[in-house]
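Enquirer: 3D, please:
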Amino acid sequence: MTPSMIRGMWLMALAIFVLSCMDVFAKILIENEVHTVTILAIRSIIITVALLGTLGLQNKLHKLRTKRLGAHILRAMVGLTAVGGFFSSLEYLPLADATVVFFTGTLFIAVASVLVLKERFGVHRWLAIVAGYVGVAIAINPGLEELSIGYLLALVGSLSYAALFISGKIMAKTESTTSLVFYFNTGLGIIALCALPLVWQPLTLKLWALIFGLAMLALVGHLAITQAFGSREASVLAPIEYTALLWAIIFDYLLWSHTPSSHTLWGGAVVVVSGLYFLYREQHVFTLRG
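Expert: Sure, this is the predicted structure:
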């Protein structure tokens, strides 16, 4: 396994941990009746200003040049349903439940990696991804009587995120990491700002601080995950996202004293084992290749 491959996997793992911390901030804000649109609007403004300030001080504003503005705008529109859908689901679901539903997009990422990105996809990758998907189904323990708006919102978010994942991988070939993060957040912020007057309510200093912290976590996480796209195949990185389930269970227990149900734990175990098996197979294959 080359240093670039290892770096890509570690970046993805770091990104998932940071974004899991961001989800904690989002749940706390939503529990304090801060609207999702408010969170997205302020978050995106903070990230945009932070990037502009940092690049300006470093004389690197040229990194924001792009010939694919239309594609960036489209990604921002998809991002509204991806991030907004997941954040909104946290009003109805524990972190762990929302996370396992969000993983339903992982199988789509794998299939799209083959159909769109033309990545090579062996039997072991299929087995690991499908096993992970089965684990998600076990964790959700689907039943019509248990379905809620929270599950539907998380599902919409997961499918939209899968589209973001693939589009980020495609655009990373011609766009810099900085430009991808900048235009995504700027576009998302503009869209959210248009709707902000409809939902705005005054915020306390504590809530402002939480949104600022959420924005910084989002910035670090998105930079790490976008850089990871450029160093590994999307289908290899996707299973690393399963670690988000572990963080969600830990945060649920420590912060909300919520113990996951037995089917959530069993399903989560299947998901984690499948991800670890996937990574083991990848390491074995690349070691054989020298």
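
Enquirer: flag the shaky bits of the chain, pLDDT-wise.
Expert: 1-2, 4-5, 106-107, 121, 141-147, 229-236, 238-239, 275-276, 278-290 (pLDDT under 70).

Enquirer: for it, longest helix please?
Expert: Of all the segments of type helix in the chain, defined by DSSP state H, the longest one is helix 3-31.

Enquirer: now that helix: buried residues?
Expert: 5, 8-9, 11-30 (16 or more other CB atoms under 10 Å). Yep, even glycine has a C-beta here, placed from its N, CA and C like the rest.

Enquirer: next: stretch 252-267.
Expert: Of all the residues in stretch 252-267, those buried under the rule 16+ other CB under 10 Å are 252, 258, 260, 264, 267.

Enquirer: for the second one, what are its contacts?
Expert: Read it as His258. Counting by CB atoms under 8 Å, 6 or more residues apart in numbering, His258 makes contact with 94, 96, 252.

Enquirer: state the distance from it to Met216.
Expert: 26 Å (CB to CB, to the nearest Å).

Enquirer: same question for Met171.
Expert: Met171 is 24 Å from Met216, by CB to CB.

Enquirer: swap in Leu11?
Expert: For Leu11 relative to Met216 (CB to CB), the value is 17 Å.

Enquirer: repeat for Leu246
Expert: With the distance defined as CB to CB, Leu246 ends up 23 Å from Met216.

Enquirer: and Val49, by the same measure?
Expert: On the measure of CB to CB, Val49 and Met216 end up 12 Å apart.

Enquirer: what's the answer for Ala154, then?
Expert: Going from Ala154 to Met216 by CB to CB gives 24 Å.

Enquirer: comparing those two, which residue is more hemmed in?
Expert: Ala154 (29 against 17; other CB atoms under 10 Å).

Enquirer: now do the same contact list for the more buried one.
Expert: So Ala154 contacts 85-86, 89, 93, 97-98, 101-102 (CB under 8 Å, 6+ apart).

Enquirer: helix, strand or coil for Gly135?
Expert: helix (DSSP: H, G, I helix; E, B strand; the rest coil).

Enquirer: contacting residues around it?
Expert: Gly135 touches 267-274, counting by CB under 8 Å, 6+ apart.

Enquirer: try 7 Å
Expert: Contact partners of Gly135, counting by CB atoms under 7 Å, 6 or more residues apart in numbering, are 267-268, 270-271, 274.

Enquirer: would you map the helices across the stretch 101-250 of the chain?
Expert: Under the criterion DSSP state H, counting those that start in this stretch, the stretch 101-250 of the chain contains helices at 105-115, 123-140, 149-171, 177-199, 205-229, 234-237, 243-256.

Enquirer: let's have the ones you listed in a markdown table, adding distance to Ala76.
Expert: A markdown table is the format used below for the helices of the stretch 101-250 of the chain (distance: least, CB to CB, whole Å):
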| stretch | distance to Ala76 |
| --- | --- |
| helix 105-115 | 18 |
| helix 123-140 | 27 |
| helix 149-171 | 10 |
| helix 177-199 | 3 |
| helix 205-229 | 13 |
| helix 234-237 | 20 |
| helix 243-256 | 23 |
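
Enquirer: state the distance from the nearest residue to Thr264 once chain neighbours are set aside to Val101.
Expert: Nearest residue to Thr264 in three dimensions, chain neighbours excluded: Ala139, at 4.7 Å (CB to CB, 6 or more residues apart in numbering). Using CB to CB, Ala139 is found at 9 Å from Val101.
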